[in-house]
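S.K.: I would like the atomic coordinates for the input below:
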Amino acid sequence: MSDPMISRLVRPALLLVAGMLLGQGALAVAAPAAPQGTTQTRIASCSGFGFQPIDADTGYTWDGRHLYRSNSKGDGWFMCPVDLPHRAVVTKVRFTLSDPSSSVGFEYCGLVRSALGVSGTVQVVGLPVAGIGIGAEPGTVRYPTTSIQNATIDNGSFAYALQCRMVFAPGLQSISSDRLGIIGADVTFRISTANG
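M.R.: Next up, the predicted model:
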């Protein structure tokens, strides 16, 4: 074969290989970087209507947007399950409560998690600030907390609920006016878009 014949056969093959290499380089340069997960702030809430007594003897009633405790029977615990996304990080818990009497009050209102394993305990995630016990008459107030423990949500190991105990002064059987009530509660959390 003569040199012109070899160059006619080799040149297109070299051009093809060079074009492929240039094309791959151009694609590598033009490909956008994988998006990084950004963090979003979200809120999950439970209205007063979502809170239910965990003791059948605890009496309750409704009025407007309030859930009221109506008698001193039972233990006075009310709970509302809250759906929080796995791997979210809780930053704040707030309760909106109505306490217009010094004969009634609230205890242990907050977000808790209960272990799902064969053994384990109930753990506090966040409890609002003090000042809502018997003797206080703050009226209707939204109580926040930013003091958070066990902040990362782990739905594979724990179930989450908002809880609040409504208590009466000793000897008080019922209260018909100025009733003690839960209006609602909310949980603020951060979550990476990579986690949902």
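S.K.: so what strands line up beside the host helix or strand of residue 67?
M.R.: Residue 67 belongs to strand 66-69 when assigned by DSSP states H and E. According to DSSP bridges, strand 66-69 forms sheet pairs with strand 60-63 (antiparallel), strand 181-192 (antiparallel).
S.K.: nearest to residue 103, of these?
M.R.: Among these, the nearest to residue 103 by CB to CB is strand 181-192 (14.0 Å). To be clear about C-beta, it is placed using only N, CA and C from the backbone, and glycine gets the same treatment.
S.K.: CA atoms only: put that closest one into PDB for me.
M.R.: Only the C-alpha atoms of strand 181-192 are listed here, as PDB (Å, rounded to 0.1, in the frame of the first residue of the first chain):
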ATOM      1  CA  GLY A 181     -58.100  23.700  77.900                       C
ATOM      2  CA  ILE A 182     -55.700  22.800  75.100                       C
ATOM      3  CA  ILE A 183     -55.900  24.800  71.900                       C
ATOM      4  CA  GLY A 184     -53.100  23.000  70.100                       C
ATOM      5  CA  ALA A 185     -49.400  22.300  69.800                       C
ATOM      6  CA  ASP A 186     -46.800  22.400  67.100                       C
ATOM      7  CA  VAL A 187     -43.300  21.100  66.400                       C
ATOM      8  CA  THR A 188     -40.700  23.000  64.300                       C
ATOM      9  CA  PHE A 189     -38.000  20.900  62.700                       C
ATOM     10  CA  ARG A 190     -35.300  21.100  60.100                       C
ATOM     11  CA  ILE A 191     -34.800  18.500  57.400                       C
ATOM     12  CA  SER A 192     -32.400  18.100  54.500                       C
END
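S.K.: which elements pack onto the helix or strand containing residue 125?
M.R.: According to DSSP H and E, residue 125 maps onto strand 122-126. Judged by 3 or more CB pairs under 8 Å, 6 or more residues apart in numbering; DSSP states H and E, strand 122-126 is in contact with strand 89-99, strand 104-115.
S.K.: now those as a markdown table including mean pLDDT?
M.R.: Below are the helices and strands packed on strand 122-126 laid out as a markdown table (pLDDT from 0 to 100):
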| stretch | mean pLDDT |
| --- | --- |
| strand 89-99 | 94 |
| strand 104-115 | 93 |
